[in-house]
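# predicted model follows, preceded by the sequence.
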Amino acid sequence: MIEFRSQSKYQSTLPKERLPKWIKSPIGKASEIEKVQNIVKGLNLHTICEEGRCPNRGECYASGTATFLLGGSICTRSCAFCQVNKGQKPEAIDKDEGYRIAIAVKDLCLHYVVLTSVARDDLPDHGASLFTDAMEAIRSLNPQTEIEVLTPDFWGGSDDKKQAQTNRLRRVIEAKPICFNHNLETVKRLQKEVRRGATYERSLELLKTAKILDPDMPTKSGIMLGLGETKEEIISTLTHLRQVGCERLTLGQYLRPSLAHIPVQRYWTPEEFEDLASIARKLGFLKVNSGPLIRSSYHAKES
């Protein structure tokens, strides 16, 4: 029986306002959307597009792209913003998952793939092998396909966790993805409330270590806006990302998945997103994708 962690703190909270007029999800072509969904479901795979209720999934499906979610559909952490199912007893590891993803990549003719995963704190390697196995399988059938990874922090719970984290990360980096992505999600002040089980410093250290392990591999991170952060806090966060060598950035609006999730405090305007993008470029980010509906994997090859 799956044990779900309670988020009852937010159960009675009502949205403060309707979505502003600039929050409008793109609509993809129905036939192309159905094609991707049929292939993914037929192969018994998960995508963050569906599990995370991404507002761009119609557009992405219509263009024949998807971000694959490794490790099943149940996350061992309980972040207050995330739609993915949560529980302390996730599914058993599916050893054929990587191969089925490779088939999906081939069937969809994908030239650029993003791999992410639920947090698997129950596993000895915290899911690092999920990424390496999937990359190997994809390349066996699709040698020209480029692969970006969006990983959890691979953090353990023992005294040797720093070195263990580095060893797990090294396995993924040595598999040579085209880009390493790990999201800070929010500013330092809000980390404890928003990212349960993760820390600001730990995520920055992960990005720093990734760059040390492979200085030529681009590193990327993403931040959600609308959780109560200030512009000054955002700029401070961007500065910290640059200090650890992060070159790519996504900024998007947090949209509350349900009443059980942390409420939206503010909707940032498209003009404010443009302003922040300009600031990020001045700080030295080489690629910036910033806007209300931007997500980590949206137009990943270009961002």
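Arrived safely.
# measure stretch 262-275 end to end?
End-to-end span of stretch 262-275 (Cα to Cα, to the nearest Å): 26 Å.
# of all the residues in that stretch, which ones are buried?
Of the residues in stretch 262-275, 262-264, 267-268, 272-273 count as buried by neighbour count, 16 or more other Cβ atoms under 10 Å. Glycine gets a C-beta too; all of them are placed from N, C-alpha and C.
# which residues are contacting stretch 133-143?
68, 70, 95, 97-99, 101-103, 105-106, 110, 113, 115, 145, 147, 149, 175-177 (Cβ atoms under 8 Å, 6 or more residues apart in numbering).
# oh sorry, the question was meant for stretch 162-180
The contact list for stretch 162-180 (Cβ under 8 Å, 6+ apart) reads 112, 115, 125-126, 128-129, 131-132, 135-136, 146-149, 151, 153-156, 158, 206-207, 209-210, 213-214, 217-220, 248, 300.
# per-residue confidence for residue 76?
Looking at residue 76, its pLDDT reads 75.
# that one and residue 90 touch, don't they?
Yes. Between residue 76 and residue 90 a contact is recorded at 6.1 Å, counting by Cβ atoms under 8 Å.
# and stretch 202-219, how far from the chain's centre?
Put simply, stretch 202-219 sits 16 Å off its chain's centre (Cα atoms, centre = their mean, to the nearest Å).
# what residues sit buried inside it?
Across stretch 202-219, burial judged by 16+ other Cβ under 10 Å covers 202-211, 218-219.
# please render these as CSV that adds distance to residue 196 to the earlier fields.
Listed next are these as CSV, based on distance: Cβ to Cβ, whole Å:
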residue, distance to residue 196
202, 13
203, 13
204, 18
205, 18
206, 17
207, 20
208, 23
209, 22
210, 23
211, 26
218, 28
219, 24
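# farthest-separated two in these?
Using Cβ to Cβ, the pair of the buried residues of stretch 202-219 lying farthest apart is 202 and 218, separated by 20.7 Å.
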